[in-house]
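[1] Sharing a model that was predicted from the sequence below.
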4 protein chains.
Amino acid sequence: MTNPNSDVSDWWSTSIIDMAPGQIRFRGHDIQDLIGNVTFPQMIWLMTRGDLPTPEQARLLECALVAAVDHGPQAPSIAAARMAVTCGLGLNGAMASAVNFLDDVHGGAGEQAVELYTWIDDAVQQGAGLQAATLEMIDRWQAERGKFIPGFGHRFHKPEDPRAPRLLQLVDEAANQGVVSGRFATIGRVLQTELNIRKGKPVPMNIDGATAVVYAELGFAGPLARGLFCLSRSVGVIAHAWEQMGQGGRNKGPTPPHYRWTYTGPNPIEDETVSKES
Amino acid sequence: MTNPNSDVSDWWSTSIIDMAPGQIRFRGHDIQDLIGNVTFPQMIWLMTRGDLPTPEQARLLECALVAAVDHGPQAPSIAAARMAVTCGLGLNGAMASAVNFLDDVHGGAGEQAVELYTWIDDAVQQGAGLQAATLEMIDRWQAERGKFIPGFGHRFHKPEDPRAPRLLQLVDEAANQGVVSGRFATIGRVLQTELNIRKGKPVPMNIDGATAVVYAELGFAGPLARGLFCLSRSVGVIAHAWEQMGQGGRNKGPTPPHYRWTYTGPNPIEDETVSKES
Amino acid sequence: MTNPNSDVSDWWSTSIIDMAPGQIRFRGHDIQDLIGNVTFPQMIWLMTRGDLPTPEQARLLECALVAAVDHGPQAPSIAAARMAVTCGLGLNGAMASAVNFLDDVHGGAGEQAVELYTWIDDAVQQGAGLQAATLEMIDRWQAERGKFIPGFGHRFHKPEDPRAPRLLQLVDEAANQGVVSGRFATIGRVLQTELNIRKGKPVPMNIDGATAVVYAELGFAGPLARGLFCLSRSVGVIAHAWEQMGQGGRNKGPTPPHYRWTYTGPNPIEDETVSKES
Amino acid sequence: MTNPNSDVSDWWSTSIIDMAPGQIRFRGHDIQDLIGNVTFPQMIWLMTRGDLPTPEQARLLECALVAAVDHGPQAPSIAAARMAVTCGLGLNGAMASAVNFLDDVHGGAGEQAVELYTWIDDAVQQGAGLQAATLEMIDRWQAERGKFIPGFGHRFHKPEDPRAPRLLQLVDEAANQGVVSGRFATIGRVLQTELNIRKGKPVPMNIDGATAVVYAELGFAGPLARGLFCLSRSVGVIAHAWEQMGQGGRNKGPTPPHYRWTYTGPNPIEDETVSKES
């Protein structure tokens, strides 16, 4: 950018984008060289990581992005998006409403799973045995973060979430080709085994656990795993919000209107204070 | 509500509101008895706490709500609201954008201060000396939550934030009248003294610290302190967003457009991979 | 503010707030003079309008703010707020999600009703008969804006929304005392009568129609009517989100989980293109 | 889905996704058949359109998605995202804040341009000459929608936005291969020519005008053009929010803090009403 730096310009410093009239560069690449030459997943990688991935890395990233687009209208994020458009919001507002919901509980498990995997991997890199490290870090997670182990367990998909084995298979293929190390797929599988034993029943690796394997293998930091999940799920959000626009409706509530809700509060109050004032 | 309960209705149980055709009751009070007979702060209390406050309690709550309405357009929340309307959003969208920003760092100090005050108060209730409890809980907070003590310190208002002494004065008056105990005002002042000593300079109680005294005196839980701050600050948000609508502008950025930003990334990249593909 | 103006400071000009270290002024009033001396509704008026209202004006404004705080968890905004906290959001995020929903369909009727009333009032001021102006503007609204007349009709409260007659009664009292003119209450009632005749059944004035009478009487512009509705409804949002925090739950969906949804799409597809690639 | 339909399930009907334990199907395709076999743009198409695109269609869609990822931190959406993370929000909250900003003014031009192109195309399909239809629809747009012609003009990129000619080139190539008709590229170019003539200076087709050509060629409805723009721009949002997390900062305002703002309101007010009450 040709304007002289100032404290005002410095306040908004970035290494992502450079511009001059008629010129836009991302991470040093002219936009016109990127359009038509890199895939959307490659662009996502370039923007968030700073360099271009190999086609093989980008293809593995693409698998995770494809896998997480939607889990149906009972997910609060998708329900919110569908209700939003009946309140007058456009697709931007519907998408914003849904993505905002993808917070620690609804959208944070991928980020947390990357973190947990990394704890285990760090311990192994420093000499611990894989199984011992896994057991230790399960305990540490539950002590520090609470009982839920991120990335495992599903109230609906039992005994298996169909997305997990497919993603692990693709990670294995990439590991065989030297694209990734395969360490985090192994960690995920050991975690799976130990959790099954502890619970005495299948605790299936879910979409967050499986995409976290992909993201960790590819070197994405935990917060980016959440960001990429938001990006992926936005596809479902747009699809559902658009479908709802076609279905119509005004101020769509969570249940058919005639159900209403169960009231659990006090019966009518004869309040002297209030009634005397009137 | 006259409809029979069902699992669907139970899913949305609430003790806040009951309805039948032509009838709306909040916490057992008919809406037509509330309108014109209770103040807005009384209504806020009724809705969030479940019972009606005395007029004196409501007046103290009102002071905190009045105090926190705005801190100018450089606050990111207010800046966001002003930018939002130039992007096409209505006041609802501007307000949503701003309130969303009032998260842990920008809007959480009041909630955190209520929590810290409560730690100290609990220790005192269990027999600790006030000063000792204060020093211990400062240390505990910094060990568990980080170096920032919520509710104290201001980069701009030095040596004093004008809102804090005024609110404390009003809490003192309420304590003298037996409306509140005054315990939390005392805790706030002791905290102030100890922080000044530790820092060797004034660390003024700020709006969050002062409103947290009010909220704690009135028995509001920490999360509600954040909620009420959001409500109060929404007033400033609406005022600024509406003023911006009058000023006009399209896609208002953070700085005058000719400043742009400082680019800190790589220079143009001659990327063989990319250019060869094209 | 003491800093010299610059193009950067000018970019964020405002007439709402002035600050210097230790000093905060709203519309020219020191904050410490406002806290404890003006009510929250007076502060809301000062911030949005620029001057302080009389106590009588503020009390009428207060009635509208009290009246609109909530309409139960089946309203999409409230449902969204309750779902939001189970996804990990704090009260700020819950409130943002809900308020964002208060767009044209869910939260815009008050703004639109102020506009419609003003059309009628303008016509009357220019000599038209009230009934004729009302009929003309109903037609104009439906031609330009669609079939829904804002502020009238309710799918649930029949034959009457209990909030409307109470608010109109309070406007009448204020008109009798010379606080407001009463013109817009009259317009609202004539609109009500004509709509009943056209529809051949009661089309009750709803909360938006009734608060719009208040806001128009007090001179609030249409967009501010929406802003004030958002502020009022935020009270219910906070109450419901806080109640939901107490109830717990993770990723609360719109219906009990075992219901799921009805699938209306294609049956399993044997896609040669896809399956051959695998 | 195997559960019997009910009015509750019907309330959330969708043709997008079907589920059973261990099974997830999108538009009739098992998720495990899609992962690794379709690209992310193909998945986006499948979800929003209902069928799988050809690889050639998907590649053209991909070009539009790559082209619009970012326009720097002075765009209000990106600035909002960067400020958001310094307020305590995660990447989901930052993304929600930014995408919410992509409303009619900031994010609606693509949708509007698709609509304008379609007006022209419809007129031509019904026998009008292309130039005459273009001139007529420019006039109609300005009469009905306002002076801004969506998709053309840029305050910064003059005489040309580098993204537009590159995207048109790729549309031309796709048209030559029979992937698309090329009609909308022609319409865009004629619009460009006529606007240049009317203005007497270059009014460059911008990113919204160029991506709208792509979306219209591929048969996307206007609202989906906005949704896809939101998806694309979310990539830049994530990159900037993540970079800001690395830079740190708390409550980042729009300008360096020492600038503040220019106050344009009344000087201190000696308000008898207020001061006497105290």
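    Sure, I can see it. Residues are numbered from 1 along each chain as shown, chains lettered A, B, ... in the order given.
[2] thinking in terms of the whole chain, how far from its middle is stretch A:152-162?
    17 Å (C-alpha atoms, centre = their mean, to the nearest Å).
[3] Repeat that for stretch A:117-128.
    That offset, for stretch A:117-128, works out to 24 Å (C-alpha atoms, centre = their mean).
[4] need the longest helix for chain A.
    Ranked by residue count under DSSP state H, the longest helix found in chain A is helix A:222-247.
[5] quick one: is it near chain B?
    No. Helix A:222-247 is not in contact with chain B by C-beta under 8 Å from any C-beta of the partner chain; minimum separation 14.5 Å. In short, each C-beta sits where N, CA and C put it, glycine included.
[6] In that helix, which residues are buried?
    A:222-245 (16 or more other C-beta atoms under 10 Å in any protein chain shown).
[7] how about the residue of the stretch 151-278 of chain A found nearest chain C, what does it touch?
    Nearest residue of the stretch 151-278 of chain A to chain C: residue A:254, at 3.5 Å (C-beta to the nearest C-beta). Listed by C-beta atoms under 8 Å, 6 or more residues apart in numbering or on different chains, the contact set of residue A:254 reads A:79, A:83, B:12, C:73, C:74, C:76, C:79, C:83, C:254, C:255.
[8] again, 7 Å this time
    A:79, B:12, C:74, C:79, C:254, C:255 (C-beta atoms under 7 Å, 6 or more residues apart in numbering or on different chains).
[9] from those, which would you call buried?
    By 16+ other C-beta under 10 Å, the contacts of residue A:254 give A:79, B:12, C:74, C:79, C:254, C:255 as buried.
[10] Can you pick out the ones from those residues that are in strands?
    Among those, DSSP state E puts none in strands.
[11] In chain A, where is pLDDT below threshold?
    A:1-5, A:270-278 (pLDDT under 70).
[12] residues in contact with the residue nearest the centre of it?
    Taking C-alpha atoms, centre = their mean, the centroid of chain A lies closest to residue A:229, which sits 2.5 Å from it. By C-beta under 7 Å, 6+ apart, residue A:229 lies in contact with A:68, A:102, A:107, A:110, A:211.
[13] which among the contacts of residue A:254 gets closest to chain D?
    residue C:255 (5.3 Å).
[14] quick one, what contacts that closest one?
    With C-beta under 7 Å, 6+ apart, residue C:255 has these contacts: A:74, A:254, A:255, B:8, B:11, D:8.
[15] Neighbours of the fifth one, how many?
    Right, the one you point to is residue B:11. 22 (other C-beta atoms under 10 Å in any protein chain shown).
[16] cool, and the last one?
    Neighbouring residues of residue D:8 were enumerated by other C-beta under 10 Å; the total is 23.
[17] List the contacts of it.
    A:255, A:256, B:8, C:255, C:259.
[18] any chance of those residues in JSON lines, plus distance to residue D:60?
    Listed next are those as JSON lines, based on distance: C-beta to C-beta, whole Å:
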{"residue": "A:255", "distance to residue D:60": "42"}
{"residue": "A:256", "distance to residue D:60": "42"}
{"residue": "B:8", "distance to residue D:60": "45"}
{"residue": "C:255", "distance to residue D:60": "40"}
{"residue": "C:259", "distance to residue D:60": "40"}
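[19] Go through these and flag which are in helices.
    Going by DSSP H, the helices hold residue B:8 from these.
[20] Now for the contacts of residue D:8: which two are most distant?
    A:256 and C:259 (10.9 Å; C-beta to C-beta).
[21] the more surrounded of the two?
    Neighbours were tallied for residue A:256 and for residue C:259 using other C-beta under 10 Å; the higher tally belongs to residue C:259 (23 against 17).
[22] If we ignore the residues flanking it in sequence, what's nearest the residue of the stretch 101-250 of chain A at minimum distance from chain B?
    In the stretch 101-250 of chain A, no residue comes nearer to chain B than residue A:103, which is 10.1 Å away by C-beta to the nearest C-beta. Excluding its sequence neighbours, the residue lying closest to residue A:103 (C-beta to C-beta, 6 or more residues apart in numbering or on different chains) is residue C:88, at 3.4 Å.
[23] wait, is that neighbour part of a strand?
    No. Assigned with DSSP: H, G, I helix; E, B strand; the rest coil, residue C:88 falls outside any strand and is coil.
[24] Can you list phi and psi of it for me?
    Taking degrees, to the nearest 10, you get phi 110, psi 0 for the backbone angles of residue C:88.
[25] Let me see the contact set for it.
    A:103, A:104, A:105, A:106, A:108.
[26] please redo it, this time with the cut-off set to 8 Å
    A:103, A:104, A:105, A:106, A:107, A:108.
[27] Grab the nearest non-local neighbour of residue A:217.
    residue A:180 (3.9 Å).
[28] sec struct for the one you found, please.
    Residue A:180 - assigned by three-state DSSP - is coil.
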